[in-house]
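> model this:
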Amino acid sequence: MTLKKTKAPPKKDYTAWIVGAVVVIAAAVWYTNWGIPNPRGDKPMMVTVRLDNQCGLVEDSYIITLHPSGATASFNNGIARLNTTSNAYIEVKASPKYPAFSLDSPRVKVSENMVLPVRCQPESRARRTLETFNEQFKK
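Numbers count the residues shown, from 1 in each chain. The predicted structure is shown next:
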């Protein structure tokens, strides 16, 4: 009795599949990072904001907030810096450090170098804010 020799099944070569998968992944990464056009025309930029404090309060009582991202920055020697895009808006707000203090200021379209005035309007409101600050620091 002789045994019949059987041939082993041919080995499958997956090289083409691996190369194809790498090409598809590389194309997807390229398309999401560099290939999609920016429909709104946003350009990244660094915003430098100088505070024109006409309210008489310490600069520590203000922060700036970017919209729509919600990023915030504090003032240091009257200047705050944030990375944003050219289609963002910026607003001066009361710092959360002082919950009794409130401030209403308009949103302004960002530019690279900005001066944002802070006015306490009306006069009676400014007086109430200063009184609240004085009471808070008496503790």
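> contacts, neighbours, all on C-alpha from now
Will do.
> Pull stretch 93-102 out as PDB, backbone CA atoms only.
Extracted C-alpha coordinates of stretch 93-102, given in PDB (Å, rounded to 0.1, in the frame of the first residue of the first chain):
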ATOM      1  CA  LYS A  93     -16.900  89.200  31.500                       C
ATOM      2  CA  ALA A  94     -16.700  89.300  35.300                       C
ATOM      3  CA  SER A  95     -14.300  86.800  36.800                       C
ATOM      4  CA  PRO A  96     -15.800  83.800  38.500                       C
ATOM      5  CA  LYS A  97     -13.500  84.600  41.500                       C
ATOM      6  CA  TYR A  98     -15.900  87.400  42.400                       C
ATOM      7  CA  PRO A  99     -19.500  86.000  42.200                       C
ATOM      8  CA  ALA A 100     -21.100  89.200  43.500                       C
ATOM      9  CA  PHE A 101     -19.700  91.200  40.600                       C
ATOM     10  CA  SER A 102     -21.500  91.300  37.300                       C
END
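> Just the mean pLDDT for it, thanks.
If you average the pLDDT over stretch 93-102, you get 82.
> List of residues touching it?
Applying CA atoms under 8 Å, 6 or more residues apart in numbering, the external contacts of stretch 93-102 come out as 60-65, 103-105, 129, 132-133.
> swap in stretch 77-86?
42-52, 59, 64, 66, 72-74, 110-111.
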